[in-house]
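> Here's my sequence, what's the structure:
(chains A, B, C, D, E and F)
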6 protein chains.
Amino acid sequence: MTDADTIRRQLTAVGSATLTTQLMKRNLKNQFIQGVRPMNQPGRNLVGPATTLRYIPAREDLDVMEVFEDPNHPQRKAVETVPPGNVLVMDCRGDASAASAGGILMTRMMVRGAAGLVTDGGLRDCGDIQDMDWPVYAKAPSAPANLAKHHAVDIDVPIGCGEVPIYPGDWLVGDFDGVVVIPQEIVAEVAADAFAQHWFEEWVMAEVKAGASIVGLYPPNEATRARYAAWQQAQEK
Amino acid sequence: MTDADTIRRQLTAVGSATLTTQLMKRNLKNQFIQGVRPMNQPGRNLVGPATTLRYIPAREDLDVMEVFEDPNHPQRKAVETVPPGNVLVMDCRGDASAASAGGILMTRMMVRGAAGLVTDGGLRDCGDIQDMDWPVYAKAPSAPANLAKHHAVDIDVPIGCGEVPIYPGDWLVGDFDGVVVIPQEIVAEVAADAFAQHWFEEWVMAEVKAGASIVGLYPPNEATRARYAAWQQAQEK
Amino acid sequence: MTDADTIRRQLTAVGSATLTTQLMKRNLKNQFIQGVRPMNQPGRNLVGPATTLRYIPAREDLDVMEVFEDPNHPQRKAVETVPPGNVLVMDCRGDASAASAGGILMTRMMVRGAAGLVTDGGLRDCGDIQDMDWPVYAKAPSAPANLAKHHAVDIDVPIGCGEVPIYPGDWLVGDFDGVVVIPQEIVAEVAADAFAQHWFEEWVMAEVKAGASIVGLYPPNEATRARYAAWQQAQEK
Amino acid sequence: MTDADTIRRQLTAVGSATLTTQLMKRNLKNQFIQGVRPMNQPGRNLVGPATTLRYIPAREDLDVMEVFEDPNHPQRKAVETVPPGNVLVMDCRGDASAASAGGILMTRMMVRGAAGLVTDGGLRDCGDIQDMDWPVYAKAPSAPANLAKHHAVDIDVPIGCGEVPIYPGDWLVGDFDGVVVIPQEIVAEVAADAFAQHWFEEWVMAEVKAGASIVGLYPPNEATRARYAAWQQAQEK
Amino acid sequence: MTDADTIRRQLTAVGSATLTTQLMKRNLKNQFIQGVRPMNQPGRNLVGPATTLRYIPAREDLDVMEVFEDPNHPQRKAVETVPPGNVLVMDCRGDASAASAGGILMTRMMVRGAAGLVTDGGLRDCGDIQDMDWPVYAKAPSAPANLAKHHAVDIDVPIGCGEVPIYPGDWLVGDFDGVVVIPQEIVAEVAADAFAQHWFEEWVMAEVKAGASIVGLYPPNEATRARYAAWQQAQEK
Amino acid sequence: MTDADTIRRQLTAVGSATLTTQLMKRNLKNQFIQGVRPMNQPGRNLVGPATTLRYIPAREDLDVMEVFEDPNHPQRKAVETVPPGNVLVMDCRGDASAASAGGILMTRMMVRGAAGLVTDGGLRDCGDIQDMDWPVYAKAPSAPANLAKHHAVDIDVPIGCGEVPIYPGDWLVGDFDGVVVIPQEIVAEVAADAFAQHWFEEWVMAEVKAGASIVGLYPPNEATRARYAAWQQAQEK
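Numbering: from 1, shown residues only, chains lettered A, B, ... in the order given. Take a look at the predicted model:
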């Protein structure tokens, strides 16, 4: 497996809570996209590097329906060029009073192999989105077309989304809690450590369900660490 | 069919996103009720003309439990007089810290044939509402009785709801995305155009699912328009 | 049955809307926790006296991962000491940008017999929480660990949660609408009166479903009261 | 002096804090207009009965510049008909993203003898307003014309302003802290009691400045009450 | 005079309210920067074309004190390169929890001849700013250094500020009410029309102060227009 | 001079901006009280260690006027016991819809020698406060008595104020920008370093006013540091 394959496999197994813990250990405390939630419940987590789309507020004379006839309009271009495996992330300044995309564009991205969509604005056609097996995150459903409030201006520049900085190529992982952003420079080590933490916490959860106290278990003291190491060895046989 | 029947049939087929697009083409960009969402998932969309109820903030000495013994209390009167087929829309100034209605009143309206309820305040008994096959939209569930915050004052005056102006008789359409308001003066043409747009977009969606690019398709260029016209003709045979 | 058993049985049967009405009759209008909603749909309502945990904002040098190694850390101690049958209520100042607890701690509390959890902050691992048959209320899912924003400081002091005052020992009842707080001094009479109101409203609802007008029924006039009394007598035979 | 003259004289002497205390003693706790502040510092307080103007959200096709050519447009009519001595109070739903009036209209009202202006929306020409010796209260300065967001719809109906109910004829008093609303039914007794409280607190303040402890003084115990009564008698000689 | 000189002279004479009216007549209703207010009261209005600076949220490992040692850091570069006569406008996503600049940088810009500063974030050293005769607009005073929340990323790209789109070269005018943005494509005609409107409204204000009704005067009917034309002619003699 | 005297002297000379920079160098980025501003402009900065007062939301049956007759009511006790030289800091959960204190209590604290008042709630009698030569910080003026919303519960426990943690004994410094909190463990070194930074920045400001570029000056390179050291030596002679 390539590095990217390993990263993707590990990140697919873990949750956003585990990843924020690994990032906090590295003194990164603001990597969880605030105010954005899943719009559907697909079969697996959102995982992939970010392709970014930046919106600014719309202006009545510039943002008219005819702009979409231009195939180079940034929103339409983003939909047709986001690389397979990547997540399209949109900066809507947290304004969900209009949509940033709808069902047809999302279906096109899904068919093209994109990994999912994240926006801190609204999304329309959310009744259809509920039935898609493709991860979509937004602030809220919102019917008005994006031109009512948003002007697409740039692709693949650094953006903010839900008050988190996102640089093109950073990795995103989304589950039921929401979406976490992992700087690309440290994604390999974060993925590996989160993967290890994930399996340890699965073991802890089994202990707790069986009646164990969390004292000395979570976080683990020396005795717990030894016990977990032994359990791991036993598993591997 | 009467005009109203045609309008109702067409509006029942289309979604709120399609309608906001038709309204934006007519330079009406603020017709989507902000911050209000479905409280249940009934079998079909909310469709009907608006009957309005206006609340102002409550005052401790005026808004006491005994007021409901008066059958002319505006909230109770609205429930008993909203015409069958109409939607009761409440202006709660976006304050969901108390309810604007509850399960018994909603059931009464449903039995009386009202088309649904929209409020930018709270609603109580939302556990029961989830099971009703009758469309209900609100800002949030909220247990406290309306008297804690809201004083019902007027029926069938122009109101604001979710920062959208609503004149009695305007049409409302609600789906999973939320509720759109269509001025009564233009509802016939908006319904007809939205109906046509809806079926075109269904066809576009099928194309996209089959692998088509959105370039030239959405929005359509001349070739696409011709192809759709041909497809329509073929269907009609 | 002891008094507490009776209270618990009665409160388990009624909803938060009924309870806010009983509290408003006693001139208590601010007992519904604002902005907090169920994170899952367990088999029955949240019912129990409050054990409180107070957070203040975190400070970078004090709130580091190592603090959890101390078994007397207030958050961990609260999890291990909340009495069976009690609800743990957390004051997070309404800040859901970080979690106030996660799946392992909640599972431990459930195993220990606590009655549920309420927080006006965030919660992590909400995908797992959805599957727990144990009532959990929060402002929103949120992945970051509590140390990113919250410093646990006190157990069983009076707190605010969702802008409601909560004194240790006050009773909480939560359903789909949210959570209501009942001062311990009046919980017995509120529970009894709410229980009676609940059954009356069930009867009213049946009447309304059968086509009755709410005029004279809800609230009831003398004739309605007499009819209900007769119905009750008939039932008891 | 007529009753109204006495009320006006007493209310002119007291502050909004004193009045909220008198209202709270009568169990009215929500009479202070939230989020509204003085836009200038005129020579005396705002005092007068309310004339109300209700706005709803604007609609692009209805709210065009030409509407002001109609002398019966509610905003213009309110300016020309507010009775001398009255305060014009506007319900803008707390939306200050556009103005609800400007310098010319305010000057007209001042010339006509109105007692002042209160709005929970914005006001334009606030540079000029700073220099007016006529009390003006608003949420914030805001340049856009009212038609951008607000549609004037009714005069002298009950409204909400800053989340306080205002019935036409209720009295308003504004000072540096903001504006308090006094129900007309109780204004005479509230004014009289506030007047007495005001002079007592002036005496208390002098005591405190001279070094007195607030214990037993504020609120007063028996000894303090006797001492104040003696001081009052001495003054009257 | 060059065109730019004429524009600057006319815009210096008029206020932001007049300009929003001219823009609304051209169907541009969202050109007033929301939530931003003057931080001082300099001798004249803010007038000049925009140079833009874009911030995204900060990241702990990237935004450290040492970055300012780089003379090409975008914030420092903007301060040293903003053309004389231009206004530096900053997009801080409306987040005033940290500063976007302070007294030393503002003084440097003033010395260099920049026309002023506008930010929808915070500013530090506001005690000193109060005494500067150089127009400064911000959301609020805020002491923390920008690196705590903001990462400067781009100069002279289109941005949003206070939810208004700003393209480099658009003109800004600020007075006591706040700041209005005039698209560069129409600034000459807007400045000329606003200049004419300004003098007409000065005349109207004198009429109103002298006791005139606003009916037929504001907006003017034919007779008023004729009277104003005559007055203008008389003035010119 | 004692240590505390030195700290007080140094902190009195510097501003809140300088202090947040020193704290950020120590990785403390959240020490500026958000949303709180000066209510007057006294002759010098607010400086002193914190005495804390904690409020929770009020309850109608507990928070009645009579509670102030008890000299041990926490609010009244705090006013009478805050040590001379200390700042009273109140945690009002950021709710300014009611006051947390008024003119008489503030005057008593001033007479008793307290160093000032900080609250993230409201304050009443702000017209009088404007004239006090005693530093007062709050979220906003607000007339209603504290009992309408706030219940004083604890003195000298750790609190949050404006989303900053404050431990009793931490030092507060307030100027026009607002209030910064310095942990008591590091206040001596922070005060000393801020004092040095302050004088360096005064020298930088003079250079900038004289036309110097900020490149190499702010932050200083080696040459600038040497030049400043020489200047300092010259001054000391």
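> from here on, contacts and neighbour counts on C-alpha atoms
OK.
> any bit of the biggest helix by length in chain A sitting next to chain E?
If you go by DSSP state H, chain A has its longest helix at helix A:187-209. No: using Cα under 8 Å from any Cα of the partner chain, helix A:187-209 stays clear of chain E, coming no nearer than 14.4 Å.
> Can you mark which positions in that helix are buried?
A:187-188, A:190-192, A:194-195, A:197-198, A:200-201, A:204-205, A:207-209 (16 or more other Cα atoms under 10 Å in any protein chain shown).
> got a list of what A:Y167 touches?
A:50, A:52, A:156-159, A:183 (Cα atoms under 8 Å, 6 or more residues apart in numbering or on different chains).
> shaky segments in chain A?
Across chain A, the ranges flagged by pLDDT under 70 are A:1.
> on that earlier part again, who are the neighbours of the longest helix of chain A, in terms of helices and strands?
Applying 3 or more Cα pairs under 8 Å, 6 or more residues apart in numbering or on different chains; DSSP states H and E, one finds that helix A:187-209 contacts helix A:3-13, helix A:16-25, helix C:103-112.
> what lines up beside the helix or strand following the last one in the sheet?
Just to be clear, that refers to helix C:103-112. Downstream of helix C:103-112, the next assigned helix or strand under DSSP states H and E is strand C:116-119. Strand pairing for strand C:116-119, using DSSP bridges, gives strand C:87-91 (parallel), strand C:136-138 (parallel).
> Now that we have those, can you turn them into a markdown table and tack on mean neighbour count?
Formatted as a markdown table, those follow (neighbours: other Cα atoms under 10 Å in any protein chain shown):
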| stretch | mean neighbour count |
| --- | --- |
| strand C:87-91 | 28 |
| strand C:136-138 | 26 |
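> out of the contacts of A:Y167, who's nearest chain E?
Nearest to chain E out of the contacts of A:Y167 is A:I159 (Cα to the nearest Cα; 6.0 Å).
> List, one by one, the residues from chain A near chain E.
Residues of chain A lying near chain E (Cα under 8 Å from any Cα): A:27-28, A:30, A:56-61, A:93, A:153, A:158-160, A:163-165.
> got the phi/psi numbers for A:P165?
phi -70, psi 140 (degrees, to the nearest 10).
> Distance of the closest residue in space to it that isn't next to it in sequence relative to C:A98?
The shortest distance from A:P165 to any non-neighbouring residue, by Cα to Cα, 6 or more residues apart in numbering or on different chains, is to E:P57 (5.1 Å). Between E:P57 and C:A98 the distance is 17 Å, computed by Cα to Cα, to the nearest Å.
> And for A:G113?
32 Å.
> what do you get for A:L88?
From A:L88 to C:A98 the distance is 25 Å (Cα to Cα).
> Equivalent analysis for A:A115, please.
From A:A115 to C:A98 the distance is 26 Å (Cα to Cα).
> Looking at these two, which one has more neighbours?
A side-by-side neighbour count of A:A115 and C:A98, using other Cα atoms under 10 Å in any protein chain shown, places C:A98 first with 27 against 24.
> so that one makes contact with C:T119?
No: contact criterion Cα atoms under 8 Å: C:A98 and C:T119 do not qualify, at 11.6 Å.
> Nearest residue to A:T20 in space, please, no chain neighbours.
A:T20 sits nearest to C:P144 (Cα to Cα, 6+ apart), 5.3 Å away.
> ok, and that neighbour, which helix or strand is that part of?
Going by DSSP H and E, C:P144 is not in any helix or strand.
> List the contacts of stretch A:34-48.
A:8, A:11-12, A:85-87, A:115-116, A:119-120, A:126, A:129-141, A:162-164, A:171-179, C:97.
> Show me the beta-bridge partners of A:G48.
Applying DSSP bridges, one finds that A:G48 bridges with A:L172.
> Count the residues that sit near it.
Neighbours around A:G48, by other Cα under 10 Å: 25.
> any idea how far it is from chain F?
31 Å (Cα to the nearest Cα, to the nearest Å).
> Same question for A:L88.
Counting by Cα to the nearest Cα - A:L88 and chain F are separated by 31 Å.
> next one: A:V204
Taking Cα to the nearest Cα, one finds A:V204 at 32 Å from chain F.
> just A:A143 next, same as before
Counting by Cα to the nearest Cα, the gap from A:A143 to chain F is 34 Å.
> and A:R76, what is it in contact with?
Contacts of A:R76 (Cα under 8 Å, 6+ apart): A:68, B:214-215.
> Quickly find the element holding it.
Following DSSP H and E, one finds A:R76 within helix A:74-81.
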